[in-house]
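Student: From the sequence below, what's the structure:
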Amino acid sequence: MVNYIIRRLLISIPVLLGVTFLNFVLINMAPGDPVDMYVNPDVSEADKEIRRAALGLNDPFMLRYVKWLWLLVHGDLGHSFSSFQPVTQMIAERLLPTLILMGASILFGYLIAIPIGIYCAVKQNTKFDYLMSAGSFMGVSIPSFFLGLGLIYVFGVQLGVLPTGGMNTMGGTGGFWDSLKHL
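Tutor: Next up, the predicted model:
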């Protein structure tokens, strides 16, 4: 058992380092200069160079990667170039709504899928079984972001029965039913 754990760690560490290195390469391949987002466009090139040095953007690539990895291991994800907030704070603000949405979608999916699956297992080779099989194949085949946008358009824009975004109605009480409609 201990040998298995050690082997898994010896495999996982290079994979994790490879993933972080690839992520760092992709971050640094983004077009433009991050300093341009930090400063006023009227700032001189000398001031921009001072900001680049302060952010460590003039350091060699591998040194920046090692510094970035060191901060990542210690839980410091840095600051957003657009909002200037700590990234960990931005993630923490969005974590609870994400978990609520994820839990509700899993629960909703199970409440629909299990009874239909049981019914289709009992009534095999019926029209309903074939219809549900075709529907499930279509549901898996359609990209979720496209299906989501389509459902928002139909139920939020065209029919107007559900809101198109947010967690609660602005200025509303934010009760259970309001939150449920927004989910």
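
Student: Not counting residues beside it along the chain, what's closest to residue 183?
Tutor: residue 104 (4.8 Å; CB to CB, 6 or more residues apart in numbering). Backbone N, C-alpha and C define where each C-beta goes, glycine included.

Student: Could you name the helices and strands sitting against the helix or strand harbouring the one you found?
Tutor: Using DSSP states H and E, residue 104 sits in helix 87-122. The helices and strands touching helix 87-122, judged by 3 or more CB pairs under 8 Å, 6 or more residues apart in numbering; DSSP states H and E, are helix 127-141.

Student: pLDDT (mean, whole number) over whichever helix or strand comes after the helix it packs on?
Tutor: Tracing the chain past helix 127-141, the next element assigned as helix or strand by DSSP H and E is helix 144-151. The average pLDDT within helix 144-151 is 89.

Student: Centre of the chain to helix 144-151, how far?
Tutor: When distances are taken as CA atoms, centre = their mean, to the nearest Å, helix 144-151 is centred 16 Å away from the chain's centroid.

Student: and after that helix, which helix or strand comes next?
Tutor: Criterion used, DSSP H and E; the element after helix 144-151 is helix 176-182.

Student: Show me what the helix or strand bottoming out on mean pLDDT in the chain is packed against.
Tutor: Taking mean pLDDT, DSSP states H and E as the measure, the helix or strand of the chain with the lowest value is helix 34-38, at a mean of 73. If you count contacts as 3+ CB pairs under 8 Å, 6+ apart, helix 34-38 packs onto helix 45-55.

Student: Now do the following helix or strand past the helix it packs on: everything it contacts.
Tutor: Scanning forward in sequence from helix 45-55 by DSSP H and E, the next helix or strand is helix 61-73. Defining contact as CB atoms under 8 Å, 6 or more residues apart in numbering, one finds that helix 61-73 is touched by 20-21, 24, 28, 56-57, 59, 77-78.

Student: List the buried residues of helix 61-73.
Tutor: Neighbour-count burial for helix 61-73 flags 64-65, 68 (criterion: 16 or more other CB atoms under 10 Å).

Student: mind checking how far the residue nearest to residue 105 when sequence neighbours are not counted is from residue 143?
Tutor: Nearest non-adjacent residue to residue 105, counting by CB to CB, 6+ apart: residue 183, 7.8 Å away. According to CB to CB, to the nearest Å, residue 183 stands 20 Å off from residue 143.

Student: need the contact list for the closest residue to residue 77 other than its chain neighbours.
Tutor: What sits nearest to residue 77 in space, not counting adjacent residues and going by CB to CB, 6+ apart, is residue 87, at 3.8 Å. Shown in contact with residue 87 (CB under 8 Å, 6+ apart): 77-80.
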